[in-house]
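Peer 1: quick one, structure for this:
(chains A and B)
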Amino acid sequence: MNASTAATPPAAVTDADVLLRVEDVVKHFPVRSGKLFERDKAFVHAVDGVSLAVARGQTLGLVGETGCGKSTLARCITRLHDLTSGRVIFDGDDISTLPPRRMRPYRREMQMIFQDPYGSLNPRRRVGSIIGDPFAIHKTATGQERKRRVQEVMELVGLNPEHYNRFPAEFSGGQRQRIGVARALAFRPKLIVCDEPVSALDVSIQAQIINLLADLQGELGLTYIFIAHDLSVVRHVSNSVAVMYLGKVTELAPVEQLWNHPRHPYTDALLSAVPLPDPNKSAQRERIILVGDVPSPIVPPSGCRFHPRCPKARQDCVDRDPALEPRLGDEPDHVAACHFPVADGEDISQARPSLAAEDRIIEPGLLGGS
Amino acid sequence: MALLEVDDLRVSFPTPDGVVQAVRGVSFQVDAGQTLGIVGESGSGKSVSTQTIMGLTRGAKVSGRAVFEGRDLLTLDGEELQTIRGAQIGMIFQDPLSSLHPYYRVGWQIVEMIRQHDRSASKAKAHARAVELLNLVGIPQADRRVDDYPHQFSGGMRQRAMIAMAMALNPKLLIADEPTTALDVTVQAQVLQVIRNLQQEFGTAVILITHDLGVVADVADEVEVMYAGRVMEKADLQTTFYAYHHPYTEGLLLSLPGYGGGERERLHPIPGQPPSLINLPPGCPFHPRCPYVMDRCRTEVPPLAAVGTSATHLSACWLPHDMPARNEVRRKVVGEPLPAQAEA
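Peer 2: Reported below is the predicted structural model:
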């Protein structure tokens, strides 16, 4: 497989099943120099050529460290950002360049749920009117009809419909997140992009919201894109998972395939860093501690972007950008962008890169010695 | 003898809406070289109790004792506390950006910290120590980065700089309040590794406050589970995860994705929400959410008592203290045995 075919998403899902297809999406943000009239020269490469497909009724998990571009990608998909290039195909229609007015019907079909249940609700408006907003904006229901539909959706997410006239401050964090879910559900959308929906919640409440999202998916046939930094949550809710690093997808696979046979060293490191709520398993596990931090997305590293931190890096990784394709005889739905994929049972916790010194990061002190 | 022994600590805050009873009779002890994990959700009082010990809760009504090396920290005045805080007890907080002063260089802040407690240290010597510390916690090119401002550091580096600062004077005890909550898992693994290695190297005792049971499983020796200002259960690491007694501990574990059971199965959340600390329910604070609730739980507060066969396993619950009998109740009320207990 060459680089151009690798840009098309895996063909395992047929077109009829695909609700959303993202093709080679690029989003660059200009970095301002601060001087007037000077042309922007530098760009933050937030999303740099991502291709994915999400099947109807399924959940795609998006994981990666802060700044890997997962939220930007989500906002490109819902067209809260304009794309720099690439295509977003929703339900068979290319929506990537639609003007706002023609975008409007699609906005009813795709909704977002945000991380912060405190910041995403206007504190001075009543819950009923917050949840009723979509009806008002799209002018589909007014008066008693709107109230009825709002109360219906409140009931659906487990809120008491009698609390229609309360303010957000009168609800707890978990209930506020339910309000966010209710607002997203008002129009029975096809796709919901959940951007860290449970990260701000306590564990016992987090489980309530995860169950709610799962129930709604079963009931209404929803498709989710689920972004979370908590990998055990992502594993629990997703059918397939895309791992992102510095604006690119490094690995994409069905969830159990990814957990059991990670091919990309970054995936392997990420998974091994997840704290397990099980002391015995935790003690047995070989932890891969990555050195350094994520490099600047303004000047991403050459070749494979992970090479400065990768324990398996070789000269090839500096020179050539690896294609996202099946590795080591994997099924076509499991793709990884790595020249030296991790074999089953391989322990890379002791691996050392063989690179010229200027291409890697050397960690001193207690981290380097271990 | 324990390095820090906290006995019946009570902290309340008067507010216009009523008295917030943040901590209601908490006791624990930490031995040298040991890691105590304090687990709980928002509002459980886990942070308030350690902040009170350090004299950081202004306007609070405090009672109880917190004896550190023979001195009761709660009776010391500000100046005396100053000599202990930082020097003998180091602290790191959740948000490293707001704990570092944005206006001063990272190295300068560590130097200031060293010289505050040791006026005899020359600036040059303190600076050299700052470089050494940053190097120790894994800041690359520490001799150059020491003169950076906090905004030039990434989140993980800032947290490591905080650890460097907390360790500057070789404290006997390090209090880490949600040290990795704001960090990515990969960086979290780095920071936990640094804390573990520091402990091995210098024998520092650590109190780790977190809501993340995975982090606790990774680093703690002893675990204390808090709810609504009280200790619900206290046990060693193995017992907490595999032979717990208290229904709240059970609820916390079962609500985690990836604890036991299949991957896409339904989670088992704890129903309802934590109580208001102003209007606490009578009896056990957990009774409105507890699947095992009995009449007694609604009126009488269960004492923290030894359960099972070990004298160090404490639980504040009216369920039978004998473990087989406790698990029998579980089978009757909930059905299947626990995933972890079935394995163990």
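Peer 1: so does whatever helix or strand residue B:224 lives in get close to chain A?
Peer 2: If you go by DSSP states H and E, residue B:224 is part of strand B:222-227. No: Strand B:222-227 stays clear of chain A (Cβ under 8 Å from any Cβ of the partner chain), getting no nearer than 9.7 Å. Bear in mind the C-beta positions are built from the backbone N, C-alpha and C, glycine included.
Peer 1: can you list the strands that that strand pairs with?
Peer 2: Here strand B:222-227 is paired, per DSSP bridges, with strand B:35-39 (parallel), strand B:230-236 (antiparallel).
Peer 1: export it as CSV, just CAs?
Peer 2: C-alpha atoms of strand B:222-227 as CSV (Å, rounded to 0.1, in the frame of the first residue of the first chain):
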residue,chain,number,x,y,z
GLU,B,222,-2.3,2.0,53.2
VAL,B,223,-5.6,3.4,52.0
GLU,B,224,-8.2,5.5,53.7
VAL,B,225,-11.6,6.0,52.0
MET,B,226,-13.4,9.1,53.0
TYR,B,227,-17.0,10.2,52.5
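Peer 1: so what touches it?
Peer 2: Residues from elsewhere that reach strand B:222-227, judged by Cβ atoms under 8 Å, 6 or more residues apart in numbering or on different chains: B:26, B:28, B:34-41, B:44-46, B:49, B:216, B:231-237, B:240, B:246, B:248-249, B:252, B:274, B:285-286.
Peer 1: try 7 Å this time
Peer 2: Contact with strand B:222-227 is made by B:28, B:34, B:36-40, B:44-46, B:216, B:231-237, B:240, B:246, B:248-249, B:285-286, as judged by Cβ atoms under 7 Å, 6 or more residues apart in numbering or on different chains.
Peer 1: repeat that for stretch A:246-261.
Peer 2: Against stretch A:246-261 from outside (Cβ under 7 Å, 6+ apart): A:45-50, A:52, A:61, A:68-69, A:235, A:238-244, A:262-264, A:266-267, A:271, A:294-295, A:297, A:300, A:305-306, A:324, A:333-337, A:344.
Peer 1: tell me which residues of that stretch are tucked away?
Peer 2: For stretch A:246-261, the neighbour count (16 or more other Cβ atoms under 10 Å in any protein chain shown) marks A:246-255, A:257-259, A:261 as buried.
Peer 1: roughly how far is it from the heart of the chain?
Peer 2: Relative to its chain's centre, stretch A:246-261 lies at 12 Å (Cα atoms, centre = their mean, to the nearest Å).
Peer 1: regarding it, how distant is the last residue from the first?
Peer 2: Length of stretch A:246-261, first residue to last, Cα to Cα, to the nearest Å: 22 Å.
Peer 1: ranges for the strands of the chain?
Peer 2: Defaulting to chain A. Along chain A, counting by DSSP state E, strands occupy A:18-31, A:42-55, A:59-63, A:85-90, A:93-94, A:110-113, A:191-195, A:223-227, A:240-245, A:248-254, A:335-336.
Peer 1: not quite, I wanted chain B
Peer 2: Secondary structure of chain B (DSSP E): strands at B:4-15, B:18-30, B:35-39, B:61-68, B:71-72, B:89-92, B:173-177, B:205-210, B:222-227, B:230-236, B:305-306, B:314-315.
Peer 1: as CSV, those with distance to residue A:177 and mean pLDDT would be great.
Peer 2: Formatted as CSV, the strands of chain B follow (distance: least, Cβ to Cβ, whole Å; pLDDT from 0 to 100):
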stretch, distance to residue A:177, mean pLDDT
strand B:4-15, 26, 94
strand B:18-30, 24, 93
strand B:35-39, 22, 95
strand B:61-68, 34, 94
strand B:71-72, 43, 93
strand B:89-92, 29, 92
strand B:173-177, 25, 93
strand B:205-210, 22, 94
strand B:222-227, 21, 96
strand B:230-236, 25, 96
strand B:305-306, 37, 94
strand B:314-315, 31, 96
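Peer 1: want to throw those strands into JSON lines with distance to residue A:198?
Peer 2: Listed next are those as JSON lines, based on distance: least, Cβ to Cβ, whole Å:
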{"stretch": "strand B:4-15", "distance to residue A:198": "29"}
{"stretch": "strand B:18-30", "distance to residue A:198": "25"}
{"stretch": "strand B:35-39", "distance to residue A:198": "18"}
{"stretch": "strand B:61-68", "distance to residue A:198": "35"}
{"stretch": "strand B:71-72", "distance to residue A:198": "41"}
{"stretch": "strand B:89-92", "distance to residue A:198": "26"}
{"stretch": "strand B:173-177", "distance to residue A:198": "22"}
{"stretch": "strand B:205-210", "distance to residue A:198": "17"}
{"stretch": "strand B:222-227", "distance to residue A:198": "20"}
{"stretch": "strand B:230-236", "distance to residue A:198": "23"}
{"stretch": "strand B:305-306", "distance to residue A:198": "35"}
{"stretch": "strand B:314-315", "distance to residue A:198": "29"}
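Peer 1: now render these as CSV, adding distance to residue A:107 and mean neighbour count.
Peer 2: As requested, the strands of chain B are exported to CSV (distance: least, Cβ to Cβ, whole Å; neighbours: other Cβ atoms under 10 Å in any protein chain shown):
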stretch, distance to residue A:107, mean neighbour count
strand B:4-15, 43, 18
strand B:18-30, 43, 20
strand B:35-39, 42, 25
strand B:61-68, 52, 17
strand B:71-72, 62, 12
strand B:89-92, 44, 24
strand B:173-177, 42, 24
strand B:205-210, 39, 25
strand B:222-227, 42, 26
strand B:230-236, 46, 24
strand B:305-306, 58, 13
strand B:314-315, 52, 24
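Peer 1: next up, the contacts around residue 31.
Peer 2: You didn't pick a chain, so chain A it is. Residue A:31 neighbours (Cβ under 7 Å, 6+ apart): A:40, A:42, A:43, A:44, A:298.
Peer 1: nope, chain B
Peer 2: Contacts of residue B:31 (Cβ under 7 Å, 6+ apart): B:2, B:3, B:205.
Peer 1: okay, now whichever residue of chain A sits closest to chain B: neighbour count?
Peer 2: Using Cβ to the nearest Cβ, the closest approach of chain A to chain B is made by residue A:275 at 2.8 Å. Look at residue A:275: counted by other Cβ atoms under 10 Å in any protein chain shown, it has 23 neighbours.
Peer 1: torsion angles phi and psi at it?
Peer 2: phi -70, psi 130 (degrees, to the nearest 10).
Peer 1: right, and it touches residue B:215 too?
Peer 2: Yes: using Cβ atoms under 7 Å, residue A:275 is in contact with residue B:215, at 5.0 Å.
Peer 1: ok, residue B:165 - contacts?
Peer 2: Listed by Cβ under 7 Å, 6+ apart, the contact set of residue B:165 reads B:109, B:110, B:113.
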